[in-house]
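Trainee: Build me a model:
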Amino acid sequence: MDIHRLEVFCKVVELKSFTKAAEAVFLSQPTVSEHIRSLEEMLEERLVDRLGREALPTQAGQILYKYARKIIRLRQETIQAMADYRGALAGHLTIGASTIPGAYILPQQVGAFKKLHPAIQITLSIGNSRTVADGVLSGDTEFGIVGARWSDPALEWKEILDDELVLAVYPSHPFAKKKSVAPAQLLNEPMIIRERDSGTRKVVTHLLDKHLDLAKSQIVAEMGSTEAVRQGIKSEVGIAVLSRLAVAEDIERGSLVAVPLTNIHLSRPFYLITRKNRQASPVCSTFLDFLQQAPN
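Mentor: You can find the predicted model right below:
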């Protein structure tokens, strides 16, 4: 059974589309269709149903997908084990991360890790916390790092990094000249928040809800990325609570000001999420050991 065809089949199942799968594996759509047809002929079973614009696995396809993922992972583990035997760790690692760890923490750690293990290829996918978790559950990523936690029996969570949150305002805002601001004063200000599945939004809502009635706050914009929120503050759309990591350069340059909230220290952990009962590959284990030993 050709492993490359199994990889193509898995992409069709995961993306629910022949067209998207073709783009993901850099093949033409007819070639992807031919790979699926060849698998169906070999197994004498229909594997994928085309239902409108979606391509969904049949029951036989669901069974094949389960084992195809295992075969693909086993091949990768074999390559890594042989490289390890030669004394040179090699292979491919796919990581998922929410915006803050993905944009401001992991790139530096990946760079340092690559200097130690240049033969390892690392792919970093950035999305909101829920998207990252979905990637871990589906097996598209070996692990994820996110800023929010919720109940999911299929996932394991471990605190791995800390993040400080700050109230960020534009320089001409009245708060910019204050030593601190009482939480209740936020209710009178236009606020920008992240989208509903954002880890930052969940944590900020949880922390501030202890000190004020957020239902009375003036939400003027809901934005899908930290960068959009930063630019919204600079454009004086409103103010927002963001990770200090995300606005550190702006604060240093004076384009944004971090204002302390009276008697509140806003911080949150970042969580390492993995799929329960899934053994990590050698490359993944080595990278996680490196990440947890690195200074915050």
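Trainee: distance between stretch 72-86 and the chain's centre?
Mentor: In terms of CA atoms, centre = their mean, to the nearest Å, the centre of stretch 72-86 is set 25 Å apart from its chain centre.
Trainee: Longest strand of this structure, counting residues only.
Mentor: Ranked by residue count under DSSP state E, the longest strand found in the chain is strand 155-169.
Trainee: partner strands of that strand, parallel or antiparallel?
Mentor: Taking DSSP bridges as the criterion, strand 155-169 pairs within the sheet with strand 240-243 (antiparallel), strand 257-259 (antiparallel), strand 267-275 (antiparallel).
Trainee: Determine which stretch of those is the most buried.
Mentor: Compared across the strands paired with strand 155-169, strand 240-243 shows the largest average neighbour count, a mean of 26 (mean count of other CB atoms under 10 Å). The way it works is simple: take the backbone N, C-alpha and C, and place the C-beta from them, glycine included.
Trainee: what's the closest non-adjacent residue to the most centrally placed residue in the chain?
Mentor: Centrality entry for the chain: nearest residue to the mean C-alpha point is Ala97, 2.7 Å, by CA atoms, centre = their mean. Leaving aside its sequence neighbours, Ala97 sits nearest to Ile145 (CB to CB, 6 or more residues apart in numbering; 4.7 Å).
Trainee: hang on, the one you found in a strand?
Mentor: Yes: Ile145: assigned to a strand according to DSSP: H, G, I helix; E, B strand; the rest coil.
Trainee: any idea of the mean pLDDT for the longest strand of the chain?
Mentor: Averaged across strand 155-169, pLDDT comes to 91.
Trainee: Which positions in it come out as buried?
Mentor: Leu155, Glu156, Trp157, Ile160, Leu161, Asp163, Leu165, Val166, Leu167, Ala168, Val169 (16 or more other CB atoms under 10 Å).
Trainee: Redo those as CSV? Include distance to Thr123.
Mentor: Converted to CSV, the buried residues of strand 155-169 look like this (distance: CB to CB, whole Å):
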residue, distance to Thr123
Leu155, 20
Glu156, 22
Trp157, 22
Ile160, 19
Leu161, 20
Asp163, 23
Leu165, 28
Val166, 31
Leu167, 35
Ala168, 31
Val169, 36
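Trainee: residue ranges for the helices of the stretch 51-200 of the chain, please.
Mentor: Assigned helices in the stretch 51-200 of the chain, in chain order: 59-85, 99-100, 106-116, 129-138, 199-208 (criterion: DSSP state H, counting those that start in this stretch).
Trainee: Mean pLDDT, distance to Val257 and mean neighbour count added to the ones you listed, as TSV?
Mentor: TSV is the format used below for the helices of the stretch 51-200 of the chain (pLDDT from 0 to 100; distance: least, CB to CB, whole Å; neighbours: other CB atoms under 10 Å):
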stretch	mean pLDDT	distance to Val257	mean neighbour count
helix 59-85	84	47	15
helix 99-100	88	20	26
helix 106-116	92	25	14
helix 129-138	90	27	21
helix 199-208	82	18	21
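Trainee: So which of these is nearest Ala240?
Mentor: helix 199-208 (8.5 Å; CB to CB).
Trainee: Show me what the lowest-mean-pLDDT helix or strand in the chain packs onto, helices and strands only.
Mentor: Within the chain, no helix or strand scores below helix 199-208, which has a mean of 82 by mean pLDDT, DSSP states H and E. Under the contact criterion of 3 or more CB pairs under 8 Å, 6 or more residues apart in numbering; DSSP states H and E, helix 199-208 touches helix 99-100, strand 155-169, strand 190-194, strand 240-243.
Trainee: Turn the ones you listed into CSV, columns for distance to Thr131.
Mentor: Output for the helices and strands packed on helix 199-208, formatted as CSV (distance: least, CB to CB, whole Å):
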stretch, distance to Thr131
helix 99-100, 11
strand 155-169, 14
strand 190-194, 13
strand 240-243, 18
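Trainee: out of those, nearest to Ala280?
Mentor: With CB to CB as the criterion, Ala280 lies closest to strand 155-169 of these, at 11.1 Å.
Trainee: Can you give me the domain boundaries for this structure?
Mentor: When the chain is parsed with automatic domain parsing, its domains come out as 1-71, 163-268.
Trainee: Enumerate the beta-bridge partners assigned to the residue nearest to Ala97.
Mentor: Going by DSSP bridges, Ile145 forms beta bridges with Ala97, Leu272.
Trainee: sorry, back to before: which one of the helices and strands packed on helix 199-208 lies closest to Ile3?
Mentor: Nearest of those (CB to CB): strand 155-169, 27.5 Å.
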